[in-house]
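Q: got a sequence here, can you build the structure:
(chains A and B)
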Amino acid sequence: MNLQNIIRCSATSDLTPAPQIRDHQMEVAKLIDVTTCIGCKACQVACNEWNDLRGEVEENVGVYDNPRDLAPETWTLMRFTEHEDESGKLEWLIRKDGCMHCEDPGCLKACPAPGAIVQYENGIVDFQSDHCIGCGYCVAGCPFNVPRISKKDNRAYKCTLCSDRVSVGQEPACVKTCPTGAISFGSKESMKTLAAERVAELNERGFEHAGLYDPQGVGGTHVMYVLHHADEPTLYAGLPKEPQISPVVEGWKDVLKPVAAVATVAAVAGMVAHFVGVGPNNVEEEDTSETDKTV
Amino acid sequence: MKEIAMQMGRRQFLKILGAGGAGLTATAMGLAPTPARADGPRPYKLLRAKETRNNCTYCSVGCGILMYSLGDGAKNAKPSIFHIEGDPDHPVSRGSLCPKGAGLLDMIHSKNRLQFPEYRAPGSKEWVRIGWDEATKKIARLLKDDRDRNFITHNDKGQLVNRWLSSGMLASSAASNETGVLDFKFARGLGMLGLDCQARLCHAPTVAALAPSFGRGAMTNHWVDIKNANVILIMGGNPAEAHPVGFKWVIEAKTKNKAKVIVVDPRFNRSASVADIYSPIRAGSDTAFLMGVVNWLLQNDKIQRDYVRAYTNAALIVREDYSFDDGLFSGYDEQTLSYDKKSWAYELDESGNAKRDPTMTHPRCVLNLLKQHVSRYTPEMVETICGTKKEDFLQIAEILGTCSARDKTATFLYALGWTHHTGGAQIIRGSAMIQLLLGNIGMSGGGVNALRGHSNIQGYTDLGLLSLRLPGYLNLPSDKQQSMAQYLAETTPKDVLPGQVNYWKNTPKFFVSLMKNLYGPYATKDNDFAFDMLPKWDRSYDMLAYFDLMHAGKVNGFIAQGFNPLAAMPDKNKTSQALSKLKFLVVMDPLVTETSNFWRHEGAFNDVKTEDIQTEVFRLPSSCFAEENGSIVNSGRWLQWHYAGQEPKFEARHDGRILGGIMMELRRLYREEGGACPEQLLHMTWDEHTYHNPYDPHPEEIAKEANGYALEDLFDDTGKLIAKKGTLLSGFGQLRDDGTTASFCWIFAGSWTEAGNQMANRDNTDTGLGNTPGWAWAWPANRRILYNRASMDEDGNPWDPNRIILHWDGAKWAGIDVPDFPANIPPGSPAAPFIMLPEGLGRLFSINGMIDGPFPEHYEPVESPIAKNPLHSKVTHNPTARIFQSDLQRMGNRHDYPYVATTYSVTELFRHWTKHSHLNAMLQPEQFIEIGEKLAATKGIAHGDTVKVSTKRGYITAKAVVTKRMRTLQVAGQEVDQIGIPCHWGFEGATRKGYLANTLSPGVGDANSQTPEFKAFLVNVEKLEAARS
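A: Next comes the predicted model:
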């Protein structure tokens, strides 16, 4: 992905935004039609294979969900829910979980490490792990509970929407592999059109609440769902009904960050004064031994 | 280590915070560093990698794949595949791959790939590395000694039989056709009858059922054509899990063609998750359901009458002495447990033709006999036997009934859920009959679509790698057939109606061309084309039968090529005992199989006494699909050519090279030492005259011999030269019965012609309705929709103007597909569309095609949860099912084992194979069973508890998946619970170690094809251990 196409970059101020004049890029989106997904997990494998990820071989805990949860080595997975409606009709609702690539990404807003999280002009939100400091703020900032911090390298990871493939004109690996065509990829506009067709077809089949999930609380997303029960997204393994970026993160970005900047300038000035006046800090013995213990 | 990295001291934390703070501060002040790199952090990894086209090796969808190898093809770079994704040009897969296919990379590079030949001495606990040369020589010596000692030249009656029974071979239906040709020549060249492939455990009942119904035993349509259906009945199969990419076209039918998708299955499975209608059914009761549908269609006149009258045998009259009474058809012999089928035949007129009543009112015309036969299968009876609610059944019957309209088609998709029963072939017959009644055979969007299993199981069936078969669906002669003339007279069908094509009347051309291929110049008219060289059979040596002989100590040597019988056969403990009685076992496989380690103690998972097992075992590493050129046949009968993307890993060799080495050593020994019937082996065409290097025959030269050559200049009736001596034949129409043509497999004639390798064709142009005749090559003669003449009435008018496949252009049939009919027989002629049957008509009444009855009848599984068959007073089980004495003692009863169990595959894994792939092992890491909430509650079983499932044959333990998707059914007045047992794990692999699920299944087979009853047997289940919270 061309770095010139970055339009938003974590921990930068409004005074020095990322370059934004190349604004003629197509906004992309992935559409996941939950109603034609069979939960085969091909997308999980294609994701792992393309991105050179190999997670643990875990255990079976009585469900089909494996691996059990998103992880630094698992950027997407299927979540299975057995749901009986009022009439007793059984539905096996299967949702592919992973990064939603929010238009207004809470992770990016929360991230204090410059350039560790970026958003490209086409809408993809990407983690540049070499800049990540492992603070975990992105986890707190995400309304969908997606990023995971690796215990190996203490950095955050999540779906990149295959920004490497998209940058050369290919679809993401999960999209390409999807056997039933439940995952589609294209311009956000075309995905919305496709979603409308799918919703109309579902309405015809009696799913009166079928609809598109493109939550506006995060400015819309670049990964969207077609749901049979769009009125009850939480049925699908707890997909949030009205996702919002946590007020703490919003506050951090809009209020605290400028304040913090000023405060930090003051702190640096104070440190300089302290150094000049008192000399360098020594590491206390207690600190070191504590560290050893935890190690 | 990981834990340590994660745990940070306060000091480290402050450091990080400080760094973050500093960065933040600098940025906030407008001092953000400029990105240092010109391009992004994720460079595209395939930019100049070598791209090789291949096909997925797992299932019969035959998805196209692109393999990317290290290096750009330069001689100095050693290619190693590092990425695989779907081939977007492939008409079926269109770039998709299922979880198995998407994880192929980790199978190719599995930690469990075999690296070099190994040897396990009798009683030993370990493998010892040996060289290829030593292995080859030792194996050849063992084979020769056993053959020389036990070869049977003449049977007790003094008939010449030239057979060798004390050693056998399992051939791998995941290997290419070219390997299959060599497998056949190897086994038959030695006189083996104990030759089988995975088809025996898979779709053998499909051939047994569809061939007598339509003329050929294969999927009638093809994957993409499913999109044209209006109704899709998925029963006895679960394509969303077993054939996910083929299922693409089910979804396409649903979203683009407003198709209704119906799933009938014991378990609410992944196919059901996207179906419009799901109905549960008791495992083992499908025939009753289907005969219920037939009854409903006939009672409500929902049949395509014109089609039924013109294109089925509904109007033919059956002999007077045919009868059916209380579960038995006429001709039953209680002593032999078999039928004399002579009354199951048409009544003939003076000239020997079948009598026909076009009004279909004759009381003994097939339609009326059928009406009478199925009248017992009322919706109430269906509910009683199947546990399917009457209203569910009626809803499904009505929807199917709508497809009797000329412009509506239903397609039936099934797989092993129908084949794995003692009455498996008859279930499939039932579906064939419904589709004939609805007029859906030969129609685009219709058909009985057998979704085959392994990637080349269709090819291995085509190549005749089954105990009593020859290539191209010819039969191996029996010992009663002592001359070629007698054999041909008995196997070539006679005309039964005037003016029919009856294409099998060309059997002598196919057979003689095969013999010319097998025995070359030795096969002459004077020696009956080497007829004596073929081994002659006295009985079936199918896998169940052969392992029973092995269990009885009558088999000494065995070769398992790409086959894991310890895992795949029913009743693992019996299989283990059988293997322990072998003198030697040779395993050829790319991976570590349980079979190769059957002698190793693995705790409770494989509780054997290693030191007592005196079997010598050789383990030979073979190449995998990604390392060879060759062709495989997908379920739609497409022969697709593929290419190697890397060399065989480590010391692995191509199967042809392994067999070639052993074969050439055997020939050397027989030439030098003599022995039992050396000519059988030495006359087989496997020498320097046949192959450029008989030690390592190349796939290309084998593919050409499968197609066939002209051995002399060939002229047509008008004297025109049609093929010069030595050139490749262009189709099976050129085959001769005088020895002037040679072809290993007549149905493959046309696959590699003088115009080149047709299997490698890659023009994916859609000629209409999703037909892509320019992609690969389909047998027969590149026809994509079988029986497509039946898409039109007798005068050539399409039944549905929106589904025109062919039209008469004044001189010939033309259209979007190759006509499955002589191109020059005009509309209005008496020839009917089912050209491979002598009457030309689809068979509602299968005459003598099946061994257990001309109409299907419901019989209880051998292990049944109910006291008796609700339909009959005396006959509960299939009266012709073969059960060996040693297996009979291993059957359980419904009191000790009250629950119905059914085994199956889940989508994440492919049989016992993908457990070696880390990418797949992650998806289903550990053995589990599925159990309904109600039964689980009464047993105190919760999610993730460990349970023990047992049968009279053994037990397994597994995690419990407690689910709403398995429900208690009401069957014959009692509650029946079903347990689902996925069949994937074992004591080898990247997954957690587990039991082989086939420890549980019974060793009894389908009456027609001896395919085991994996899908319905009795178990008990109990809780062992609570889940860790």
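
Q: where's B:Leu1000 relative to chain A, distance?
A: Using C-beta to the nearest C-beta, to the nearest Å, we find B:Leu1000 at a distance of 18 Å from chain A. (C-beta placed from N, C-alpha, C; glycine too.)

Q: swap in B:Pro648?
A: In terms of C-beta to the nearest C-beta, B:Pro648 sits 22 Å off from chain A.

Q: which SS state does that residue fall under?
A: coil (DSSP: H, G, I helix; E, B strand; the rest coil).

Q: pull the number of nearby residues for the residue lying closest to it once chain neighbours are set aside.
A: In space, and not counting its chain neighbours, B:Pro648 is closest to B:Ser623: 3.7 Å by C-beta to C-beta, 6 or more residues apart in numbering or on different chains. Counted with other C-beta atoms under 10 Å in any protein chain shown, the neighbours of B:Ser623 add up to 22.

Q: what sits against B:Ser623?
A: B:590, B:648-649, B:652-655 (C-beta atoms under 8 Å, 6 or more residues apart in numbering or on different chains).

Q: try 7 Å
A: B:590, B:648, B:652-654 (C-beta atoms under 7 Å, 6 or more residues apart in numbering or on different chains).

Q: now swap in B:Phe412 and tell me
A: By C-beta under 7 Å, 6+ apart, the contact set of B:Phe412 is B:233, B:431, B:435, B:448-449.

Q: and what of B:Arg619?
A: Applying C-beta under 7 Å, 6+ apart, the residues near B:Arg619 are B:114, B:117-118, B:127, B:587, B:596.

Q: check B:His203 too.
A: B:419, B:450, B:452-453, B:457.

Q: which residues are contacting stretch A:39-50?
A: Stretch A:39-50 has contacts (C-beta under 7 Å, 6+ apart) with A:54, A:75-78, A:80, A:94, A:96, A:162, A:173-174, A:177-179, A:183, B:83, B:97-99, B:102-103, B:105, B:244, B:270, B:273, B:907-908, B:919-920, B:923.

Q: of these, keep whichever come out buried.
A: A:75-78, A:80, A:94, A:96, A:162, A:173-174, A:177-179, A:183, B:83, B:97-99, B:102-103, B:105, B:244, B:270, B:273, B:907-908, B:919-920, B:923 (16 or more other C-beta atoms under 10 Å in any protein chain shown).

Q: which ones among those residues lie within strands?
A: Counting by DSSP state E, the buried ones among the contacts of stretch A:39-50 place A:76-78, A:80, A:94, A:96, A:183, B:83 in strands.

Q: for A:Pro17, give me the pLDDT.
A: At A:Pro17, the model reports a pLDDT of 76.

Q: what does the one 10 residues further on give?
A: Note for A:Glu27: predicted pLDDT of 95.

Q: distance of it relative to A:Glu103?
A: 9 Å (C-beta to C-beta, to the nearest Å).

Q: between those two, what contacts are shared?
A: Shared contacts of A:Glu27 and A:Glu103 (C-beta under 7 Å, 6+ apart): A:Gly123.

Q: show me the strands in the stretch 1-150 of chain B, by range?
A: Taking DSSP state E, counting those that start in this stretch as the criterion, the stretch 1-150 of chain B carries its strands at B:50-55, B:64-69, B:81-86, B:118-120, B:128-129.

Q: just put those in CSV and tack on distance to B:Ser330 and mean pLDDT.
A: Below are the strands of the stretch 1-150 of chain B laid out as CSV (distance: least, C-beta to C-beta, whole Å; pLDDT from 0 to 100):
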stretch, distance to B:Ser330, mean pLDDT
strand B:50-55, 48, 98
strand B:64-69, 51, 98
strand B:81-86, 54, 98
strand B:118-120, 54, 98
strand B:128-129, 61, 98
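
Q: where does chain B dip in pLDDT?
A: Scanning chain B with the threshold set as pLDDT under 70 gives B:1-41, B:1029.

Q: domain map for it?
A: With domains defined by automatic domain parsing, chain B comprises B:1-35, B:51-108, B:118-195+B:534-623+B:650-682, B:220-451+B:839-849, B:885-1025.

Q: my guess is A:Ala210 contacts A:Asn203. True?
A: Yes: applying C-beta atoms under 7 Å as the test, A:Ala210 and A:Asn203 come out as touching, 5.8 Å apart.

Q: a helix runs through B:Asn573, doesn't it?
A: Yes: membership of B:Asn573 in a helix is supported by three-state DSSP.

Q: which residues touch it?
A: With contact set as C-beta under 7 Å, 6+ apart, B:Asn573 has these partners: B:953-954, B:999.

Q: which ones among the residues you listed map onto strands?
A: Going by DSSP E, the strands hold B:Gly954 from these.

Q: tell me the residues of the stretch 101-250 of chain A that contact chain B?
A: A:112-114, A:128, A:130, A:133-135, A:151-152, A:154, A:160, A:163-165, A:167-168, A:176-181, A:201 (C-beta under 7 Å from any C-beta of the partner chain).

Q: buried ones among these?
A: By 16+ other C-beta under 10 Å, those give A:112-114, A:128, A:133-135, A:154, A:160, A:163-165, A:167, A:176-181, A:201 as buried.

Q: so which bits of the stretch 201-350 of chain B are right by chain A?
A: Contacts of the stretch 201-350 of chain B with chain A, taken as C-beta under 7 Å from any C-beta, map to B:240, B:244-245, B:247-248, B:251, B:255, B:268, B:270, B:273-274.

Q: quick one: the strands in chain A, in order.
A: In chain A, the strands defined using DSSP E lie at A:6-9, A:28-33, A:76-84, A:90-98, A:117-120, A:125-127, A:148-149, A:156-157, A:183-187, A:211-213, A:223-227.

Q: strand partners (parallel or antiparallel) of the first one?
A: Here strand A:6-9 has these sheet partners by DSSP bridges: strand A:117-120 (antiparallel).

Q: mind listing the helices for chain A?
A: For chain A, the helices defined by DSSP state H occupy A:42-50, A:106-110, A:137-141, A:163-167, A:173-177, A:188-204, A:247-251, A:257-278, A:285-294.

Q: no no, the stretch 1-150 of chain B
A: B:2-6, B:10-28, B:99-102, B:104-108, B:132-150 (DSSP state H, counting those that start in this stretch).

Q: just after the last one, pick out the following helix or strand.
A: Spelled out, that is helix B:132-150. As assigned by DSSP states H and E, the chain's next helix or strand after helix B:132-150 is strand B:152-154.
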